[in-house]
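> sequence first, predicted model second:
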Amino acid sequence: MPPPADIVKVAIEWPGAFPKLMEIDQKKPLSAIIKEVCEGWSLGNHENFALQIADATNFYITEKNRNDIKNGSILRLTTSPYQTAVQLHERIQSSSMDAKLEALKDLANASRDITFAQEFINLDGISLLTQMVESGTERYQKLQKIMKPCFGDLLSFTLTAFVELMDHGIVSWDTFSVAFIKKIASYVNKSAMDTAVLQRSLAILESMVLNSQDLYHKVAQEITIGQLIPHLQGTDQDIQTYTIAVINALFLKAPEEKRQEMAHILAQKQLRSIILSNVIRSPTPINDEMAHQLYVLQVLTFNLLEDRMMTKMDPQDQVGSVTGLVSSVSTVDFTQIPPGMLALDNMLYFARHHQDAYIRIVLENSSREDKHECPFGRSSIELTKMLCEILKVGELPSENCHDFHPMFFTHDRSFEEFFCICIQLLNKTWKEMRATSEDFNKVMQVVREQIMRALTLKPNSLDQFKSRLQNLSYTEILKIRQSERMNQEDFQSRPILELREKIQPEIMELIKQQRLNRLCEGTCFRKISSRRRQDKFWYCRLSPNHKVLHYGDLEECPQGEVPHDSLQDKLPVADIKAVITGKDCPHMKEKGALKQNKEVLELAFSVLYESDEYLNFIAPDKHEYCVWTDGLNALLGKEMTSDNTKSDMDTLLSMEMKLRLLDLENIQIPEAPPPIPKEPSNYDFVYDCN
């Protein structure tokens, strides 16, 4: 007979004693369980003790999280969060450097736990740390020459503890003094600063700027772009990432009137070319966090165009503005927003900086029949509007996106150059389509497709983008469209539809098996946290008999599968009541204050078990989200409704139908694929074009 659901079997450790095996009744108050454990080891004052998870996290067990304890868990009896906070509060003020260093190391580790953090903050612990940074470290400046490593470590652990405590969102960022900000800024401004200190200082400045408009102004007075630039010229990608994050934060929070001024400073300091040579073209591969920061910088840079995009042309000023452009352009209405004056800016840039190409387009169109003339003014307006839509000009950067384009970091006027390439493409496509003015919208659709397909290849330079477009002529786009249509074609005759209906359940069963096989392989998920940089992971996989979900924490994301026996926790599939997605998930409601964005919401799902217990997931990408939600629904005997299932169903049905129709024609399909042709031994040959 299985044990009652409320009884959990655990081992409890206490230093210097053998671990104690015991059953915990989850219905009993936690204080009663701790008292029972203390009495077993003849320890008095049980209120001074607590239980922790005995792993790298050392998280305290509370009434809120006690249901996370699973059968077979190892717990540790330890001093209560309050007692630990009091002890550390005293220890970090020790006059002994070594004792102080050990205490700060322990504090940095303990501060990751919100239960401890709350107790330490209640003792005014954050004020103590800021005072130590402001003045306490001064006392050790003289010792810095003799004990430099110790000084760096001392400061590093102080700042780490501060960052960990602030990350819980218990204390407002608005409470910090100018003296503290100046001190943190001074660590960033020093060229030869300890790496860990520099990293924490940059992280603190970024959080200050993002979380408080008042602190933005104070930080902006202390830090200049010129002082941040040298940190990009090293080889430490973490420092580079934190540096770009601070620049992005300053850019994002700057008042509108200051943004153009800041962009001018960034151009003067050659930020773009420094990032291009030291980050994008560095031999070190770009990690996700760096890609995100580069994407944010790209978005913020393009958002500087929003003002011109939303400015209507003054009709009185229209004639003067188009000086140097063909007379026909002056009749075009530039008052629509978007793209407003930005379209005219682009045309003037093209005429001035690519004069030969501009003249060629004007002459080509003036020599065509009126109905075949490509209207330069209208094309420029619509193209500018399209490019703004593609690059999402005016939208705030997304929290979870890494979609930066290296080519936009290769030129100071990358948007204008992008336009110049695309307006020439538009003219070329217009010719290839033999378009008339009635075909204008069709041409724009093709041009959009050409641009989007070239961008997905992530060209490294504008020239590479241009050459990719050369391979995407109108004829090529037609071929791609035809090929895609053939792959998706749906025969509509009644016998075919009947056959389709008959084989659909077989295909659905095949998809279901594939989803369950993928769940058996398992997936590594990122831990849910308010901190984008907190790289903690957990792994979940289904047992081969499809009866149990095995899951557990990992220090790093694994390269292959993680065996079942290394995953500590289990959830029987029979206990699962429902699969919840999106904003209905409890971890999305809890994180409401963090303004969870659309992307995270689209990747969130939860498994409900028992009365109101949840296993919360954020999938690494949309594909994994579909695999897991489909697989879990299949386990529960529910319909698989994801976009992936629809797409797989269409692909497999189409393939199966074609195979069956070939079979009807008695065309033999070989069991094995044909052999790959041998590589020629002699390459010395010439193709005869005649």
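Perfect, I can see it now.

> just for the stretch 51-200 of the chain, where's the confidence low?
Segments of the stretch 51-200 of the chain classed as low confidence (criterion: pLDDT under 70) are 136-152, 191-192.

> please enumerate the helices of it.
81-91, 97-110, 114-122, 125-134, 148-166, 178-189, 195-211 (DSSP state H, counting those that start in this stretch).

> got a list of what K9 touches?
Counting by CB atoms under 8 Å, 6 or more residues apart in numbering, K9 makes contact with P3, L21, M22, E23, I24, N71, G72. Using the backbone N, CA and C atoms, a C-beta is placed for each residue, glycine as well.

> what about 7 Å?
E23, N71, G72 (CB atoms under 7 Å, 6 or more residues apart in numbering).

> so the first one is in which element?
This points to E23. strand 20-25 (DSSP states H and E).

> now do the contacts for I337.
Counting by CB under 7 Å, 6+ apart, I337 has contacts M309, M310, K312.

> what are the phi and psi angles of it?
As for I337, its main-chain torsions (degrees, to the nearest 10) stand at phi -130, psi 140.

> same deal with the one 3 residues further on?
The phi and psi torsions at G340 (degrees, to the nearest 10) take the values phi 50, psi -140.

> dihedrals phi and psi, the residue lying closest to it once chain neighbours are set aside?
The shortest distance from G340 to any non-neighbouring residue, by CB to CB, 6 or more residues apart in numbering, is to T311 (4.7 Å). Main-chain dihedrals, T311, degrees, to the nearest 10: phi -100, psi 120.

> how many neighbours does T311 have?
When neighbours are counted by other CB atoms under 10 Å, T311 registers 17.

> ranges for the strands of the stretch 301-450 of the chain?
Remark: no strands are assigned in the stretch 301-450 of the chain by DSSP state E, counting those that start in this stretch.

> where exactly do the helices run in it?
306-309, 318-321, 341-353, 355-366, 376-390, 414-432, 440-456.

> and the fifth one, how far out from the chain middle?
I take that to be helix 376-390. Distance of helix 376-390 from the chain centroid (CA atoms, centre = their mean, to the nearest Å) equals 29 Å.

> could you look up the next helix or strand downstream of the strand holding E23?
As assigned by DSSP H and E, the chain's next helix or strand after strand 20-25 is helix 30-40.

> now do that next one against strand 20-25, angle only.
Here helix 30-40 runs at 160 degrees with respect to strand 20-25, directions being taken by axes from the mean of the first three to the mean of the last three CA atoms, to 10 degrees.

> show me which residues of helix 30-40 are buried.
Across helix 30-40, burial judged by 16 or more other CB atoms under 10 Å covers I33, I34, V37, C38.

> the nearest residue to the last one once chain neighbours are set aside and F116, how far apart?
Taking CB to CB, 6+ apart as the measure, C38 lies nearest to H46, with 4.1 Å between them; neighbours along the chain are not counted. Taking CB to CB, to the nearest Å as the measure, H46 falls 19 Å from F116.

> which of those two has more neighbours?
Neighbours were counted for H46 and for F116 using other CB under 10 Å; F116 has more, 28 against 18.

> what residues are up against that one?
Y60, P81, T84, A85, A110.

> and which of the residues you listed is nearest L266?
A110 (40.1 Å; CB to CB).

> was I right about the residue nearest to C38 contacting E36?
No - when contacts are counted by CB atoms under 7 Å, H46 is not listed as touching E36 (8.6 Å).

> report the helix or strand with the lowest average pLDDT across the protein.
None of the helices or strands of the chain scores lower by mean pLDDT, DSSP states H and E than helix 318-321, at a mean of 50.

> report pLDDT for the residue nearest to the spatial centre of the chain.
Of all residues in the chain, the one closest to the mean position by CA atoms, centre = their mean is N400, 2.9 Å from it. N400 carries a pLDDT score of 80 in this model.

> now swap in I265 and tell me
87.

> does it touch I225 like I think?
Yes - the criterion here is CB under 7 Å, and I265 meets it with I225 at 5.2 Å.

> could you measure from the residue lying closest to Q504 once chain neighbours are set aside over to R76?
Of all residues not flanking Q504 in the chain, L653 sits nearest, at 6.7 Å (CB to CB, 6+ apart). Relative to R76, L653 is positioned 56 Å away (CB to CB).

> list the contacts of stretch 173-183.
T130, V133, E134, S207, M208, N211, S212, D214, L215, K218, V219, E222.

> what sits against the last one?
The contact partners of E222, by CB under 7 Å, 6+ apart, come to I181, K182, A185.

> again with the fifth one
With contacts taken as CB under 7 Å, 6+ apart, M208 has the following neighbours: W173, I181, L215, V219.
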